[in-house]
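Enquirer: all I have is the shape, not the residue letters:
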DNA sequence: CGCTGTTACTCATCATGACGTCATGATGAC
DNA sequence: GTCATCATGACGTCATGATGAGTAACAGCG
């Protein structure tokens, strides 16, 4: 080979170039591992290492027993948090996820699991005692049937007790609309964005091919009081989060 | 071995358990690859695969020529974008990165590469012709000598021409302070947050052990005019980005 | 027609062996 | 004392070869 570059890297780079050039289009199957070894004059070990790096980078998807395929470009969901959570949206009778589905044109669905637990560590952020109960709304949100987001909301039980917030369906406008009807006028949101590798459990929910995820914690405030903490997990390559803020 | 579980996974799980139990504490060196192969009765190939998964998950850090070490818990850098980019901070003579270093108590350093190119795709976001030149400020920012962030700023050449913005050192208050002195009063910022796996090039800059990264594009506006687009890449597990916005 | 077993082809796992590159400490020349 | 050199041992790369497991197409049977 050429310079002092590792062969598997040269192979990976060549395959990358071939994909970029359209030699292998979206969804196309790459030659088999032995074929690639033949073409590049390297062993199957080396080919697998090269393909492994491409898979890590999300460029290709490996399917056991079928082959290696060029990953089709993801439909990126652009979330403008401020617009999405606006009161106007709520008054259109849409929750945040439904509003987004409407805007981006996919069919939304979700499953919800309700539970009640002591607040524990979440007591601090919610400003309640760790022993106090919270209502946990654990949901899986799907676009056209495919899971695209995990979200776990926790609300102080003192707010939700006996309300529709402890039901599976929160009704028109979503949970935030209900909270406001309960007299807690939402004033602002805080979102804390992090990321990392998907855990095994998260991959089981979102799909085994998911690698990097974005983790967003949203805290909804009514004045100084936090009324909800919502921890969301989403595949990193499928989302863009947009924020605006003044310069002063 | 026991069930129909892959050996490398059994080895990985055992090592995970050993780390969790404190058998190997933070920063401790694991036995060498041949030693682990001996202990588990598997080949070095299998040991390497096991260690590779642990490395993927960020549990251990592999250092060429030295050994495999349990990754110490990382210090998370919390970035409150609004505060960090405030005019008050600029008037304290600190750029965004310097302000953060000051706040979090690390020693900052950075290297800068300046270039001039046609705007191309960036013309759209900057509101200029794709043929127009932009000033590209490509920087690597370090905390205590370790690279922690890549940032590539692009500014229309019409703004930067003949100014200190085309120099390596932008002076007190950072680039944004200079832009404002030039008569472009910054009104607001937009940040678009995404994520994914680090590319090979990014790993070469940020460290080979980096897996998931956050990608943030910040656009600085003076009124309706975009004066800078700044693409940043940072290791996902070392950062938390915090945003606040009103509910109405 | 529908189901099933076969079969060929794919990737997954694992062993063995070789050599390259890097980090580190010891050694010895200066 | 300082610094270049070398030996050692760590991980990095690569080849070869074998076996396991998942997929899909198809022939054959009921």
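Expert: Right, received. Where do you want to start? Source: prediction; values computed, not measured. Numbers count the residues shown, from 1 in each chain, chains lettered A, B, ... in the order given.

Enquirer: so residue A:221 touches residue A:190, yeah?
Expert: Yes - the pair residue A:221 / residue A:190 is scored as a contact, 7.0 Å apart, by CB atoms under 8 Å. No exception for glycine: its C-beta is placed from N, CA and C like everyone else's.

Enquirer: shared neighbours of those two, anything?
Expert: Common neighbours of residue A:221 and residue A:190 are not found (criterion: CB atoms under 8 Å, 6 or more residues apart in numbering or on different chains).

Enquirer: SS state for residue A:227?
Expert: Secondary structure for residue A:227, judged by DSSP: H, G, I helix; E, B strand; the rest coil, is strand.

Enquirer: same check, this time on residue A:69
Expert: At residue A:69, secondary structure determined by three-state DSSP is strand.

Enquirer: which parts of chain A sit against DNA strand C?
Expert: Residues of chain A lying close to DNA strand C (CB under 7 Å from any atom of the strand) are A:4, A:30, A:32-35, A:45, A:48, A:62-68.

Enquirer: can you report phi and psi for residue A:14?
Expert: When read as degrees, to the nearest 10, the backbone of residue A:14 gives phi -60, psi -40.

Enquirer: what residues are up against residue A:247?
Expert: Applying CB under 8 Å, 6+ apart to residue A:247 gives the contacts B:85, B:86, B:87, B:186, B:187, B:188, B:189, B:220, B:221.

Enquirer: ignore the last one, residue A:241
Expert: Residue A:241 touches A:79, A:81, A:191, A:193, A:214, A:216, B:192, B:193, B:194, counting by CB under 8 Å, 6+ apart.

Enquirer: on that earlier part again, check the residues of chain A next to DNA strand C and tell me the two furthest apart.
Expert: A:4 and A:65 (36.5 Å; CB to CB).

Enquirer: about what we covered before: reformat the contacts of residue A:247 as a markdown table; add distance to DNA strand D and secondary structure.
Expert: Converted to a markdown table, the contacts of residue A:247 look like this (distance: CB to the nearest atom of the strand, whole Å; DSSP: H, G, I helix; E, B strand; the rest coil):
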| residue | distance to DNA strand D | secondary structure |
| --- | --- | --- |
| B:85 | 38 | coil |
| B:86 | 42 | coil |
| B:87 | 46 | helix |
| B:186 | 44 | coil |
| B:187 | 47 | coil |
| B:188 | 44 | strand |
| B:189 | 39 | strand |
| B:220 | 39 | strand |
| B:221 | 43 | strand |
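
Enquirer: out of those residues, which are close to chain A?
Expert: Counting by CB under 8 Å from any CB of the partner chain, B:85, B:86, B:87, B:186, B:187, B:188, B:189, B:220, B:221 from the contacts of residue A:247 sit close to chain A.

Enquirer: which of the residues you listed sits closest to chain A?
Expert: residue B:186 (4.0 Å; CB to the nearest CB).

Enquirer: now the strands for chain A?
Expert: A:60-63, A:67-70, A:77-80, A:108-118, A:133-143, A:146-156, A:188-197, A:212-222, A:225-235, A:239-246 (DSSP state E).

Enquirer: rewinding a little: quick check, nearest of the contacts of residue A:241 to residue A:202?
Expert: If you rank the contacts of residue A:241 by distance to residue A:202 using CB to CB, residue A:214 comes first, at 11.4 Å.

Enquirer: burial count for that closest one?
Expert: Counted with other CB atoms under 10 Å in any protein chain shown, residues neighbouring residue A:214 total 27.

Enquirer: any low-confidence regions in chain A?
Expert: A:1-3, A:93-95 (pLDDT under 70).

Enquirer: DNA strand D contacts on that one?
Expert: So chain A meets DNA strand D at A:6-9, A:41-46, A:49, A:63-66 (CB under 7 Å from any atom of the strand).

Enquirer: of the residues you listed, buried ones?
Expert: Among the residues of chain A next to DNA strand D, those scoring as buried are A:7, A:8, A:42, A:46, A:49 (criterion: 16 or more other CB atoms under 10 Å in any protein chain shown).

Enquirer: the residues you listed in helices, which ones?
Expert: Secondary structure from DSSP state H places A:7, A:8, A:46, A:49 of those in helices.

Enquirer: distance of the first one from chain B?
Expert: What that stands for is residue A:7. According to CB to the nearest CB, to the nearest Å, residue A:7 stands 14 Å off from chain B.

Enquirer: ok, the third one next?
Expert: Look at residue A:46 and chain B: by CB to the nearest CB, they are 13 Å apart.

Enquirer: again with the last one
Expert: Residue A:49 sits 11 Å away from chain B, taking CB to the nearest CB as the criterion.

Enquirer: next, the contact list for that residue, please.
Expert: Going by CB under 8 Å, 6+ apart, residue A:49 touches residue A:8.

Enquirer: got it, and the third one?
Expert: Neighbour list for residue A:46: A:7, A:8, A:11, A:37, A:40 [criterion: CB under 8 Å, 6+ apart].

Enquirer: show me which of those is closest to chain B.
Expert: Comparing the contacts of residue A:46 against chain B with CB to the nearest CB places residue A:8 closest, at 11.0 Å.

Enquirer: need the max-distance pair from the ones next to chain A among the contacts of residue A:247.
Expert: Put simply, by CB to CB the two of the ones next to chain A among the contacts of residue A:247 set farthest apart are B:86 and B:221, 15.2 Å from each other.

Enquirer: quick one: stretch A:166-186 near chain B?
Expert: Yes - counting by CB under 8 Å from any CB, chain B has neighbours in stretch A:166-186: residue A:186.

Enquirer: so what touches that stretch?
Expert: If you take CB under 8 Å, 6+ apart as the criterion, stretch A:166-186 is touched by A:85, A:87, A:90-98, A:112, A:114, A:135, A:137, A:153, A:155, A:159-160, A:163-165, A:220-223, A:225, A:227-228, B:247.

Enquirer: swap the cut-off to 6 Å and go again
Expert: Residues from elsewhere that reach stretch A:166-186 (CB atoms under 6 Å, 6 or more residues apart in numbering or on different chains): A:90, A:93, A:95, A:112, A:135, A:160, A:164, A:165, A:220, A:222, A:227, B:247.

Enquirer: the fifth one bridge partners, please.
Expert: Beta-bridge partners for residue A:135, by DSSP bridges, are residue A:116, residue A:155.

Enquirer: same check, this time on the fourth one
Expert: Beta-bridge partners for residue A:112, by DSSP bridges, are residue A:139.

Enquirer: my guess is it contacts residue A:141, does it?
Expert: No - look at residue A:112 against residue A:141 with CB atoms under 6 Å: they stay out of range, at 9.6 Å.

Enquirer: of these two, give the one with the bigger neighbour count.
Expert: More crowded of residue A:112 and residue A:141, by other CB under 10 Å: residue A:141, with 21 against 15.

Enquirer: tell me who's in contact with the more buried one.
Expert: A:97, A:110, A:149.
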